[in-house]
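> Sequence isn't available, so here's the structure alone:
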């Protein structure tokens, strides 16, 4: 009977210790220490060339900060990496211009970026004729 009580006591102590450890872990995650809520963030500026790792500067009243950011190297869009759009399907190929067009509607502007509501992108028409092969 004493062994059972000792095991129960140990189990309760272990449970209490893990609960306390979880609380401490949550307390350690603190905010940036700033009371300011109206941060203005600039664009992501790569450390070298036009893509890769870089920094974004932010200001709020008299405070300023730098955040790490990344511009993917395959991101060559003129409307910037901080503007996220939902795009329609590609339109038909224009015989006159040799390009096809699609539009995108602004879905999300990250870091209060100045984004256009609707953007249009074009790409050259494919010269290949795609054939649909049926798998058997």
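Arrived safely. Keep in mind that what you see is a predicted model, and the values were worked out from it rather than measured. Residues are numbered from 1 along each chain as shown.
> C-alpha from now on. contacts and neighbour counts both.
Fine.
> Mind listing what's buried along stretch 115-128?
Buried residues in stretch 115-128, counted by 16 or more other Cα atoms under 10 Å: 115, 119.
> what's that stretch in contact with?
Stretch 115-128 has contacts (Cα atoms under 8 Å, 6 or more residues apart in numbering) with 79, 83, 93, 98-106, 109.
> Then stretch 81-88?
43, 71, 75, 102-111, 113, 115.
> Buried among the residues you listed? Need that as a selection in ChimeraX.
Buried residues among the contacts of stretch 81-88 (16+ other Cα under 10 Å), as a ChimeraX selection:
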select :43,71,103,104,109,111,113,115
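> Take the contacts of stretch 81-88 and keep only those in strands.
When DSSP state E is applied, these are split such that 71, 102, 103, 104, 105, 106, 107, 108, 109 fall in strands.
> Residue 4 belongs to a strand, doesn't it?
No: counting by DSSP: H, G, I helix; E, B strand; the rest coil, one finds residue 4 to be helix, located in no strand.
> pLDDT score assigned to it?
Note for residue 4: predicted pLDDT of 71.
> Distance check, it against residue 56.
59 Å (Cα to Cα, to the nearest Å).
> More neighbours: which of these two?
Relative neighbour count places residue 56 above the other of residue 4 and residue 56, with 17 against 9, counting by other Cα atoms under 10 Å.
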